[in-house]
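1. Return a 3D structure for these sequence lines:
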Amino acid sequence: MSDHEIPPTTRNVVVTGASGGIGRAVARAFATRGDRVALLARGDTGLEAARLDALKLGAPEAVAVEVDVADADAVDAAAEEAEKQLGPIDIWVNDAFTSVFAPFMETSPDEFRRVTEVTYLGYVYATRAALARMLPRGRGTVVQVGSALAYRGIPLQSAYSGAKHAIQGWHEALRCELLHDGSGVNVTMVQMPAVNTPQFDWVLSRLPRRAQPVPPIYQPEVAARAVLYAADHPDRREYWVGGSTVGTLLANAVAPGILDRYLARTGYSSQQDQGKADPDAPENLWQPVDADVDEGAHGRFDDRSSSRSYLLWASQHHGAVAAALTAAAAGGAVAGIRAARR
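-> Numbers count the residues shown, from 1 in each chain. Okay, here's the model as predicted:
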């Protein structure tokens, strides 16, 4: 692929949440460059479709392992199976999650706990399973698929926002520990914008209209390219994808109170489209939606989604950006001096 360096050897890669959305796009991207992939998710139909995808796209081997990441023992067993089938794990990507679209007081304690167990503890359990195998070898990379919501919570997604905040804090603590130990194992995080995935028709929703991502929306392949680059360049602590991500994070750092009020006014309408919600729609909080049907990587927002992110390029090319800014600043200074001499 043109926008990242291709490793000289085939890697063994594990992807959680690999049956749909970003995870599916990530699995396809690793397969396309010739890596072996182990695909972890709950829905067997979606998993099998993802496995066949990977083989068709060029993966020498592709293994599908049905697992609920909220079960620590099951995740460790899945890691063991991945190494049995593929060999030592080089890269582990965490993407599995679930969510609830509803006001906080309309989200039951059990539902909140379930979102936390899958979306936060699922990352913890999976990373623990990966590190248990990587640390003794002194090599390996774990990529956490994050979100702008890791820094800025939004209304109607309190459980998911809380889980992403938790991932961020835990990830930072873990990274410090690995640096202290001088470990050859790396962890990095990719903060994502709104992405066109099937999740908005999967998650449990109590909204009157159909849930949607807050525009601007990006295609899952943009997210996948970012994950591949992060996996190949894990020394960076995190990457930001999408102008909306950096805008949100900077606004929250500078004026969080103003952002509170802005989201109070716009956060409800921006997360719903004009279609009436189907009260009988299937949801994946407790059971996989793709047990009987393959939903793929894309959601229903193709006509509104971008296939590129200039911020992603900038995040990957700090040197070039810094040089351009320095040159621009120097040019401006020279122009100012010349003007002053006239």
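2. Check which helix or strand residue 244 maps to.
-> Element membership for residue 244, per DSSP states H and E: helix 243-254.
3. contacts for that helix?
-> The contact list for helix 243-254, computed with Cβ atoms under 8 Å, 6 or more residues apart in numbering, reads 148, 151-152, 191-194, 214-216, 240, 258-259, 309-311. Quick note: C-beta positions are derived from backbone N, CA and C, even for glycine.
4. Which of those residues fall in strands?
-> Judged by DSSP state E, strands contain the following of these: 191, 192, 194, 240.
5. picking that back up, from the chain's centroid, how far away is the helix holding residue 244?
-> The chain centre lies 18 Å from the centre of helix 243-254; the measure is Cα atoms, centre = their mean, to the nearest Å.
6. So for the chain, which residue is the most central one in space?
-> Compute the mean C-alpha point of the chain, and by Cα atoms, centre = their mean the closest residue is residue 145, 2.8 Å away.
7. Once you drop chain neighbours, what's closest to that residue?
-> In space, and not counting its chain neighbours, residue 145 is closest to residue 95: 4.3 Å by Cβ to Cβ, 6 or more residues apart in numbering.
8. mind listing what the one you found touches?
-> By Cβ under 8 Å, 6+ apart, the residues touching residue 95 are 15, 16, 17, 18, 21, 22, 23, 26, 145.
9. Helix or strand for the residue nearest to the centre of the chain, just tell me which one.
-> strand 140-147.
10. got the angle for that strand vs helix 243-254?
-> 80 degrees (axes from the mean of the first three to the mean of the last three Cα atoms, to 10 degrees).
11. neighbour-wise, which of the ones in strands among the contacts of helix 243-254 leads?
-> residue 192 (27 neighbours; other Cβ atoms under 10 Å).
12. beta partners of that residue?
-> residue 147 (DSSP bridges).
13. Could you pull up the residues touching it?
-> 22, 145, 146, 147, 148, 218, 223, 226, 241, 242, 245.
14. Now distance to residue 208 and pLDDT too, for those residues, in CSV please.
-> Converted to CSV, the contacts of residue 192 look like this (distance: Cβ to Cβ, whole Å; pLDDT from 0 to 100):
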residue, distance to residue 208, pLDDT
22, 27, 98
145, 30, 98
146, 29, 97
147, 24, 97
148, 25, 96
218, 26, 97
223, 29, 98
226, 34, 97
241, 30, 97
242, 28, 95
245, 28, 94
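15. Looking at those residues, which is nearest residue 78?
-> Taking Cβ to Cβ as the measure, residue 78 lies nearest residue 145 of those, at 17.5 Å.
16. Correct me if wrong: the closest one contacts residue 119.
-> No: between residue 145 and residue 119 there is no contact under Cβ atoms under 8 Å: 10.6 Å.
17. re earlier: report the contact partners of the residue nearest to the centre of the chain.
-> With contact set as Cβ under 8 Å, 6+ apart, residue 145 has these partners: 17, 22, 23, 26, 93, 94, 95, 189, 190, 192, 223, 227.
18. Looking at these, which are in strands?
-> 93, 94, 189, 190, 192.
19. I'd like those laid out as TSV, including distance to residue 48 and pLDDT.
-> Output for the ones in strands among the contacts of residue 145, formatted as TSV (distance: Cβ to Cβ, whole Å; pLDDT from 0 to 100):
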residue	distance to residue 48	pLDDT
93	19	98
94	21	98
189	30	98
190	27	98
192	26	97
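20. Now for those, which sits with the most neighbours around it?
-> Counting by other Cβ under 10 Å, top hit in those: residue 93 with 31 neighbours.
21. hang on, isn't that one packed against residue 141?
-> No: with contact defined as Cβ under 8 Å, residue 93 does not count as touching residue 141 (9.1 Å).
22. Could you name every residue contacting both of the two?
-> Listed as contacting both residue 93 and residue 141 by Cβ under 8 Å, 6+ apart are residue 231.
23. separation between the residue nearest to the centre of the chain and residue 96?
-> 9 Å (Cβ to Cβ, to the nearest Å).
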